[in-house]
Structure formats: structure tokens, C-alpha cells
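# take a look and give me a structure for this.
(one chain, ligands or ions: 1)
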Amino acid sequence: MKGTFPIDKFQEIQTPFYYYDTDLLRRTLKTINEEAGKHPGFEVHYAVKANANPKVLNVICQAGLGADCVSGGEIQAAINAGFPANKIVYAGVGKSDWEINLGLEKGIFCFNVESIPELEVINELAGKQNKIAQVCFRINPDVGAHTHANITTGLAENKFGIAMRDMEGVIEEASKMKNIKFLGLHFHIGSQILDMGDFEALCNRINELQNQLEAHHIVVKNINVGGGLGIDYNHPNRVPIPDFKDYFDTYAKKLKLRDGQKVHFELGRAVVGQMGSLITKTLYIKQGTAKQFAIVDAGMTDLIRPALYQAFHKIENISSDESVETYDVVGPICESSDVFAKAIDLNKTHRGDLIALRSAGAYGEIMASQYNCRQLPKGYITEDL
Ligand code: LLP
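Okay, here's the model as predicted:
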């Protein structure tokens, strides 16, 4: 399928590489700002874990989003890209002392705290720096999302968050600590969620919790509902921008907000997923006994999602217009799981043809490894070419 990529410019770049369409990214960010902007108190943070390429971060930061970080490295990357510290939220079940200290030094907006032992350490480290740490408690809402088992996080059996029944005790505990300020509650039920019913279930649970807390005169100023909005992996061209209207409207309709309350979102995949493609070169066409293999120069080290989650990424031969044939598309890594797709239709493929693995802007480059002593793939944005 020829036509949608700047293929002449691609010929000069060492494959495999990620290509980020910053025009689509900017249109996506505009839609987010327009749709979230319709609802007072809605604040969107970008989940840096999805893609921390400095140029991509910079475009997102310029659109005015905050940052959601899960490590000291991500806090540093967000600050380097220009995100203001007071728009950074920091979550994670296992925060190291140096990471907490970094967050305190930079003056981040909020630590999303997942246990009492963690709260005690944050209080102690904040005391040493003579600072007040602002915290939200991550509550495990025991709400399942209809998505892959490895990426649901809101069930009682998951390691994430504080159980609902312990919530009031933890807030009470926090109010006694000198260097802690309680800001609100944090939730996240999973990723690649396309059924708005899952987000409605979360809203209902939050409404129950709010009533319970109100009965104990506990004020919750901030509600962070996490991220999780999915993208259409089957139709990257037809649905390049997720339905942010439906998403934000669902929360606006279902969450019973109190006066002045803020709702924070932590979107990763929905922001960057569709604007990225992994571009790889065909090395060999190999005829097996029963099938035909297209062996490409990218592997599971460059894009691990198919091997790890059996994830589907649409694959296109962007150098060929010949009639389609059936191929298994495989990488060069010494693992039998290094397969991008089995028995898919591609325009007839030859050595040297460029292949695009679509919808790879989220959890692609950032999850790459150097297994087999391979080089990490580079990322290019439209302006680089
Ligand atoms: N907030 C929290 C607390 C999270 O754990 C996550 C993702 C997000 C926000 C952003 O979620 P998103 O909007 O991107 O769905 N590597 C997997 C996805 C792991 C998601 C982990 N947490 C994949 O490739 O599908």
C-alpha cells in the first residue's frame, strides 16, 4: 500500500526506526483540549510511560498537558521536556528514596501513594527537606476492565493501590502526619479500554466512596481517574483520533462532583498510539513448506507488544502496489515468539521493501530492549525529515 508515508525520505534512514506523525499528534492534542475544556475542572496529564521520546514529550508539553510519571527517570524526562513541576503527578507501588527526594526537590503537584509504609517514608523524607508532600491515595476500586489480563490493574487481586475498606483509616493516619497534605483520591482500572461501561462502573464506585467519606466529613478536592482509553488498532487510517468526546462526556455525566472539585486524567495510549509507526525493511522472503515468510529487520526487541500480549498491529508494505499474497511477518531475534503476524495479506513483498507496523506510538519505542546486542531503534518526528 503506497501513499501515506514520506517514503522517499525514509530511504535515507537506517531501519528499523519509529516514525511519529506530529501533525496527527497535534490534531489529537487539540481534540483533547477542546473536549476536556468543555467540562470545568477537568485536567489532562500525559502518561509518560507510553512514549518518552524527548521530541514527542515536547510537543505534548506545548499543548499544555500535565505529566503522569511512574519513576524518577520519568520525572526528570518530563522536566527536561518543559513540563512544569506543579503539573506532574507521580505514581508507583515501589518508589525508591531517591525518587521521592527528586519529586520533593522539584516540587511536583502530587504523590499517588499506594500503602501506609510508603506514606511514612514520604513523610519522613519531606520532613528532612522541610517540605510538605501533597498526596493522593490510590484506591483499588475492584472494578474489572474488559481488556488483556496483563493490563488490568483495578481488581482486588492486583498489587496496585489501597483496598477500599482501608481507605478511611489511611486518610486519618495521613492527617496526623506533619509533612503530608491530603489532596484526594487516585484510581486506574486498566488500559486499552473501549467500552465506556467500564469507565461508568468506575464512576459509580467513586460516587459511593465520596458519599462514604462525606459522612465522615472528609473533603476530597481532587479525583484522579487514571487513564486507559483505547485506540482502534484495526483501523489506524479510519479512526486516527479516539473518541475523546464520548470519553470525557461519560465522566462528566456519571461522576457526581462537588463544588470546586478537580478531575485529573492520565492518558497515554490514546494520546500517542496512532501517530507512531515502526518502519522496518524486508530482508528476505523465505518459502517454507506450508507458508511464506517475510523476514524483516525489526524484531520483538523493537516492538514487544505482539510477543508479550499477542497484540495486533496492522502491517502494510509501503513500497509495493502489487497484488496481495499471504505472509507470516517475522523478525531476526533468536526466539520463536519473535513473530509480528501470521498469515496476513500484504502487497507482494520483495527484499528491500519498507514495511510499516501501525499504531505503534504507545508502548513501542519505550519498551525496546537490546537483547541479542541489538541497537535501540531511533525515533523521528515529521520535522526531522
Ligand atoms: N495511569 C496509571 C496509573 C497507569 O498504570 C497507566 C498505564 C496509565 C495511567 C496510562 O494508561 P493508558 O492511558 O496508556 O492506557 N505496556 C502495555 C500497557 C501498560 C499500561 C500500564 N499502565 C501495552 O503495551 O499495552
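# CA only for contacts and neighbour counts going forward, please
OK.
# ok, Gly66 to Leu308 distance?
Gly66 sits 29 Å away from Leu308, taking C-alpha to C-alpha, to the nearest Å as the criterion.
# next SSE downstream of the stretch of helix or strand Asn112 belongs to?
If you go by DSSP states H and E, Asn112 is part of strand 110-113. Going down the chain from strand 110-113, the next helix or strand is helix 116-128, by DSSP H and E.
# contacts for that following helix?
The contact list for helix 116-128 (C-alpha atoms under 8 Å, 6 or more residues apart in numbering) reads 95, 97, 100-101, 104, 113, 132-133, 170, 174, 177-180.
# filter those down to the ones in helices?
97, 100-101, 104, 170, 174 (DSSP state H).
# that older thread, neighbour count: Gly66 and Leu308, which is higher?
Gly66 (26 against 12; other C-alpha atoms under 10 Å).
# burial count for the closest residue to that one other than its chain neighbours?
Leaving aside its sequence neighbours, Gly66 sits nearest to His45 (C-alpha to C-alpha, 6 or more residues apart in numbering; 4.1 Å). Neighbours of His45 under the rule other C-alpha under 10 Å: 24.
# can you check the one 4 residues further on too?
Around Lys49 there are 19 other residues, counting by other C-alpha under 10 Å.
# sorry, back to before: any idea what the residue nearest to Gly66 is bridged to?
Gly66, Glu266 (DSSP bridges).
# farthest pair within the ones in helices among the contacts of helix 116-128?
Across the ones in helices among the contacts of helix 116-128, no pair lies farther apart than Asn101 and Val170, at 22.0 Å, counting by C-alpha to C-alpha.
# show me which of those two is the more surrounded one.
Asn101 (18 against 15).
# any idea how far the more buried one lies from Ile116?
18 Å.
# I'd assumed Gly37 was in contact with Phe248.
No. Using C-alpha atoms under 8 Å, Phe248 makes no contact with Gly37, being 9.5 Å away.
# those two: which is more packed in?
Comparing Phe248 with Gly37 by other C-alpha under 10 Å, the one with more neighbours is Phe248, at 18 against 14.
# could I get the buried residue list for the helix or strand harbouring Ala252?
For Ala252, the host element (DSSP H and E) is helix 244-254. Under the neighbour-count criterion of 16 or more other C-alpha atoms under 10 Å, helix 244-254 has 244, 247-248, 250-252, 254 buried.
# packing partners of that helix?
helix 22-37, helix 196-215 (3 or more C-alpha pairs under 8 Å, 6 or more residues apart in numbering; DSSP states H and E).
# closest one to Ala341 among these?
Of all the helices and strands packed on helix 244-254, helix 22-37 comes closest under C-alpha to C-alpha, at 25.7 Å.
# what helices and strands are in contact with the closest one?
By 3+ C-alpha pairs under 8 Å, 6+ apart, helix 22-37 packs against strand 42-47, helix 54-62, helix 244-254, helix 269-272.
# show me what the longest one is in contact with.
Helix 244-254 is contacted by residues 31-32, 35-36, 39, 196, 199-200, 203-204, 229 when judged by C-alpha under 8 Å, 6+ apart.
# buried ones among these?
31-32, 35-36, 199-200, 203, 229.
# I'd say Gln134 and Phe111 touch.
Yes. Under the criterion of C-alpha under 8 Å, Gln134 makes contact with Phe111 at 6.3 Å.
# more neighbours: which of the two?
For Gln134 versus Phe111, neighbours defined as other C-alpha under 10 Å are more numerous around Phe111 (28 against 23).
# ok, what's across the strand from the more buried one?
Under the criterion used (DSSP bridges), Phe111 bridges to Tyr90, Val135.
# what about it, distance to Glu214?
Relative to Glu214, and taking C-alpha to C-alpha, Phe111 is found at 23 Å.
# how about Leu376?
Leu376 is 51 Å from Glu214, by C-alpha to C-alpha.
# got it, and Ile304?
To Glu214, Ile304 is 45 Å away according to C-alpha to C-alpha.
# okay, the two: which has more neighbours?
With neighbours defined as other C-alpha under 10 Å, Ile304 and Glu214 compare such that Ile304 has more, 22 against 11.
# surely that one touches Gly364?
Yes. Ile304 lies in contact with Gly364 (C-alpha under 8 Å); the separation is 7.1 Å.
# quick check: phi and psi at Phe182.
Here is the backbone geometry of Phe182 (degrees, to the nearest 10): phi -80, psi 120.
# confidence score at the spatially closest residue to it that is not a sequence neighbour?
In this structure, Phe182 finds its nearest non-sequential neighbour in Val135, 5.2 Å apart by C-alpha to C-alpha, 6+ apart. Val135 carries a pLDDT value of 98.
# count of neighbours near Val135?
Val135: 23 neighbours (other C-alpha under 10 Å).
# ok, now which ones touch it?
By C-alpha under 8 Å, 6+ apart, the contact set of Val135 is 110-113, 180-184.
# which residue comes closest to the residue of the stretch 51-200 of the chain at minimum distance from the ligand once chain neighbours are left out?
Residue nearest to the ligand within the stretch 51-200 of the chain (C-alpha to the nearest ligand atom): Ser191, separated by 3.5 Å. Of all residues not flanking Ser191 in the chain, Gly228 sits nearest, at 3.9 Å (C-alpha to C-alpha, 6+ apart).
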